[in-house]
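**Student:** My questions are about this predicted structure, shown below with the sequence.
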Amino acid sequence: MKDKTGRQRLHNFFSSLIFWKPSADPNPCSATIPVELPRRSEPARRQSSFKHRPELAQRSAFYPRDRPSSHFKDRLEHPISRFHQHASAFPPRNQHPRSFSKRELPTTKEEPETVDKAQDSPGFDSHIYSTSKDENFNKLLAIPNLLDSYVHIPLLPFLPYLDRKNDHLQYSEYLYKKPDDRWINLRVLRNWIETCDTYHANHCQTPSTIGTSVSSARPLWVIDVQRYCLIPVEPAHRYVTLSYVWGPSKGPSGDFSTTLANLSMLQKDQAFTKERLVLPRTIEHAIGLTRLLGETYLWVDRLCIVQDDNSTKSAQINSMAQIYANSYFTIVAAQGSDADAGLCGISTVTPPRSLLEREPLRYQDNYDALSTQAEELMDTNWYTRGWTFQEQLFSRRKIIFHNDTVNWECHCVAWYENQQLDNMVHQPCNRKPPSNQTGFDTTPWPDFYRYARLASLYNERSLTYPEDVLNAFAGVISVFGPAFDGGFICGLPQMFFDSSLLWQPYKFVRRRETLKSQSGEGLPSWSWIGWGGDLDSKSWRSGYDYLKGNPTEILEIDEEGHKIWEPTTWHTESKVQWFYSQKLESQKYCINISSQIYRRKDPDDSIDLPIGWSLVHSKFGKKYYRHVSVPNQEFWYPIPLPGSFTTEPPLFQPDFLHGRTRRGSLRIGVTFTNPEVSECLSCDLTDSDGIWAGALRLNLPSSSEISNEGSECSLIQLSFGSACNQKTEAVSFDEWYRPDCPRNTGIYEFYNVLWVEESNGVAYRKALGRVVKSVWERLSVEADITLG
């Protein structure tokens, strides 16, 4: 029986989807943002029974159960179109298992606005208006009734192929053409490339192809597929990249790679011929395919990065985003589990393929074809690997080999092998061209919301060497870094450091045990990089509380298309001055949490705003801010933007955190689960008199049992937090429905605490939770803490 794993992941994914774009953006395709999946409650699952197409789903109420999803396990960043069965992301209106009275919901609708301008903000319009109904609402209805199923379109999660389909193809007649059982028709691949070159212009082509400036972050070496050797890259070289599973090679090629010792030899003509060197089959086949497609240069990481030249290797790893984005196209070898698996079906280069069905690659229609191909790609080993995450994310155009067939994906379209394109009318791409040289649209402001989702999606991927966790994510960090004051410390943004320390698992996560470490300490327990598995990105919600109009603020969309908002009230306040160090006794460097400088409960007209910021008065809702450099984005408070940064990125990725904070002990209470929040087991915290004091989310599956109920746990304070008693906050708090949780008083005030175990004076993370403010201030004492 065919493995249903991929279909089930897509089934689960489609049943729990949400969409978002930055507020006030007039272009519905302005920037694809990966989102995580909201987790639906059991009643919602039971009520979802949609088959085959999303258009069969009914519109459902919005309830932001956002999460990084195990079944979204390897997804990067594509808008979806199909995925069968459950198209309803949320329970039908008024059927949520928790009911809230309207008195509890301080909601607002979008309304006209007026603006107070700060000094020194020339060119900022004094009158800004926003319609109560999204201008693009009717346009979105043209997407096969997706708005009937989902609530906030157009920035969608990454699924292969499906967001790239065009509507003309989807509704055109399906014509079946039987492919050759043994050999792929290379004219099809050439036609894909030529068609994309002709019709997609700056949407898909690299800067060098369209005659614009080329990024300085380029490969140092490429393989000349005519001369079979390495050559230094020149600015005029147009190259192809290879994305594949390196893996432990069992063939005669072993783990061969370029080193300082063999670099000179590999620059000699015919160095890569079989007579001189046995290459892994995937690389050998990619060289042959590149030559057959008329290209001259191929970039392969293990051969084009000198593996023992640490300085250039580090620079090239940090340039992965640009290397893949600036390639002419990427060959994706997704068939097989290692570099020796090779390709198949390329005449004169590879063994033949074997399409055994009577009518191979036959589908119900074009839509079904792409859906089936997406499911099969997601079942491949390539789609689960950490290094391929950024390779897929940043490649503008991909020729993808898997399951004995080949497909095309670029910024504008996706095509499958035996698709009839001869008579197709090529329509303009309705997606916004990438605005930068990586082909990946980033914002000029720090988008912690988006980064949180990418980190969550990536963290479930597997790595042969766990210590590669940051290197394999370096392309993402290099793209986001320029917009974040102080860059990233072990994957945590420095400017939001207090909030980013509050990451939580969605499911059980495993400690990453490194095979080697310069300090001997291993990966830090206080960062997500030290743990592999399903992160809960909504645990970072207080970190992006500056973003007005993020999806977690949407309560629902009413029948007329108005978005009903509940502004974020969960805030994290810094109470500890943190320092980082590479070794336990080495020099300590201060961490600057710069995002909170201008945050206050109520925006004040009288304060002096930073240059370029304007206070906006809403007629019915809260005041908020805009900056002249990003007029389409709205903020609840000013934050540092590029050009005003005061913090330097870290000099290294540290092992230790140091700070003077507070510590105390509480007892482990009864365990409970909150499926609206996570699939982990949680437990109450009680004081010595058995009075409820808070809760922890344990790093255990929800079905687990514990044997240490009643025992004491050592807690340290990370920060202070508060949240109002409103519906949209429930998704982030395990204890929200616990009988003694003081949220019902109107505002829930607490301290964020870490349960730690200590060894040789260093504390290591076990679990994270919250303790009620009054209890913690009564029982905790000051202490110097080192986290490892």
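**Tutor:** Sure, I can see it. Since the structure is predicted, the reported quantities are computational estimates derived from the model, not experimental observations.
**Student:** ok, now how distant is the spatially most central residue of the chain from Phe473?
**Tutor:** Taking Cα atoms, centre = their mean, the centroid of the chain lies closest to Leu454, which sits 1.4 Å from it. From Leu454 across to Phe473, the span is 8 Å (Cβ to Cβ, to the nearest Å). (C-beta placed from N, C-alpha, C; glycine too.)
**Student:** which residues of the stretch 251-400 of the chain fall in helices?
**Tutor:** Ranges of helices in the stretch 251-400 of the chain, per DSSP state H, counting those that start in this stretch, are 263-266, 281-292, 301-304, 310-318, 320-325, 366-378, 387-394.
**Student:** repeat for the stretch 451-600 of the chain
**Tutor:** 474-480, 497-500.
**Student:** Compare the helices of the stretch 251-400 of the chain and give me the one nearest Trp192.
**Tutor:** Nearest of the helices of the stretch 251-400 of the chain to Trp192, taken as Cβ to Cβ: helix 281-292 at 13.3 Å.
**Student:** Give the buried residues for the helix or strand hosting Leu715.
**Tutor:** Leu715 is part of strand 712-724 when elements are defined by DSSP states H and E. Burial within strand 712-724, assessed by neighbour count using 16 or more other Cβ atoms under 10 Å, is assigned to Cys713, Ser714, Leu715, Ile716, Gln717, Leu718, Ser719, Phe720, Gly721, Ser722, Ala723, Cys724.
**Student:** That one: how far from the chain's middle?
**Tutor:** 27 Å (Cα atoms, centre = their mean, to the nearest Å).
**Student:** What of stretch 545-561?
**Tutor:** Centre to centre, stretch against its chain (Cα atoms, centre = their mean), the figure for stretch 545-561 is 20 Å.
**Student:** what angle sits between the lengthiest strand in the chain and strand 712-724?
**Tutor:** In the chain, with assignment by DSSP state E, the single longest strand is strand 656-672. With axes from the mean of the first three to the mean of the last three Cα atoms, to 10 degrees as the basis, strand 656-672 and strand 712-724 are set at 90 degrees to each other.
**Student:** Tell me which other helices or strands strand 656-672 touches.
**Tutor:** strand 579-581, strand 680-686, strand 692-701, strand 712-724, strand 762-772, helix 773-779, strand 781-787 (3 or more Cβ pairs under 8 Å, 6 or more residues apart in numbering; DSSP states H and E).
**Student:** which residues does the residue lying closest to Leu700 once chain neighbours are set aside contact?
**Tutor:** Distances taken as Cβ to Cβ, 6 or more residues apart in numbering put Leu681 closest to Leu700, at 4.4 Å, once the chain neighbours are dropped. Contact analysis of Leu681 by Cβ atoms under 8 Å, 6 or more residues apart in numbering lists Thr671, Phe672, Thr673, Arg697, Leu698, Leu700, Pro701, Ser702, Ser703, Ser704, Ile706.
**Student:** Go again with 6 Å.
**Tutor:** Thr671, Leu698, Leu700, Ser702, Ser704 (Cβ atoms under 6 Å, 6 or more residues apart in numbering).
**Student:** Now, of those, which are buried?
**Tutor:** Looks like those have Thr671, Leu698, Leu700, Ser702 buried, using 16+ other Cβ under 10 Å.
**Student:** Name all residues that make contact with the second one.
**Tutor:** It stands for Leu698. Contacts of Leu698 by Cβ under 6 Å, 6+ apart are Leu681, Cys683, Ala767.
**Student:** Just the closest of these to Val630, please.
**Tutor:** So of the contacts of Leu698, ranked by how close each gets to Val630 (Cβ to Cβ), first place is Ala767, at 37.8 Å.
**Student:** Averaged pLDDT, the strand holding Leu715. What do you get?
**Tutor:** Averaging pLDDT along strand 712-724 gives 97.
**Student:** And the contacts of it?
**Tutor:** Against strand 712-724 from outside (Cβ under 6 Å, 6+ apart): 498, 501, 569-573, 575, 661-665, 667-668, 729, 747-756, 785.
**Student:** Now which of those residues would you call buried?
**Tutor:** 498, 501, 569-573, 575, 661-664, 667-668, 729, 748-756, 785.
**Student:** just how off-centre is stretch 725-732 within its chain?
**Tutor:** On Cα atoms, centre = their mean, the centre of stretch 725-732 falls 23 Å from the chain's centre.
**Student:** So His627 sits against Ser614, correct?
**Tutor:** No: if you go by Cβ atoms under 6 Å, His627 and Ser614 don't touch, sitting 7.5 Å apart.
**Student:** Just flag the most distant two among the buried residues of strand 712-724.
**Tutor:** Applying Cβ to Cβ across the buried residues of strand 712-724, the maximum distance is between Ser714 and Cys724, 30.5 Å.
**Student:** what are the ranges of the strands in the stretch 301-450 of the chain?
**Tutor:** For the stretch 301-450 of the chain, the strands defined by DSSP state E, counting those that start in this stretch cover 330-333, 398-402, 405-409, 414-416.
**Student:** Which residues does the first one contact?
**Tutor:** When you say that, I think you mean strand 330-333. Applying Cβ under 6 Å, 6+ apart, the set of residues contacting strand 330-333 is Thr241, Leu242, Ser243, Tyr244, Thr282, Ala286, Leu343, Ser395, Lys398, Ile399, Ile400, Phe401.
**Student:** Tell me how far the closest residue in space to Asn674 that isn't next to it in sequence lies from Leu263.
**Tutor:** Once flanking residues are discounted, Asn674 sits nearest to Asp734: 5.0 Å by Cβ to Cβ, 6+ apart. When Cβ to Cβ is applied, the distance between Asp734 and Leu263 equals 54 Å.
**Student:** who has more neighbours, these two?
**Tutor:** Asp734 (26 against 14; other Cβ atoms under 10 Å).
**Student:** ok, that one - contacts?
**Tutor:** Applying Cβ under 6 Å, 6+ apart, the residues contacting Asp734 are Asn674, Val677, Ser682, Ala695, Arg697.
**Student:** ok, those vs Glu359, which is closest?
**Tutor:** Val677 (47.2 Å).
**Student:** Could you find the closest non-adjacent residue to the closest one?
**Tutor:** That would be Asp734: by Cβ to Cβ, 6+ apart, it lies 5.3 Å from Val677.
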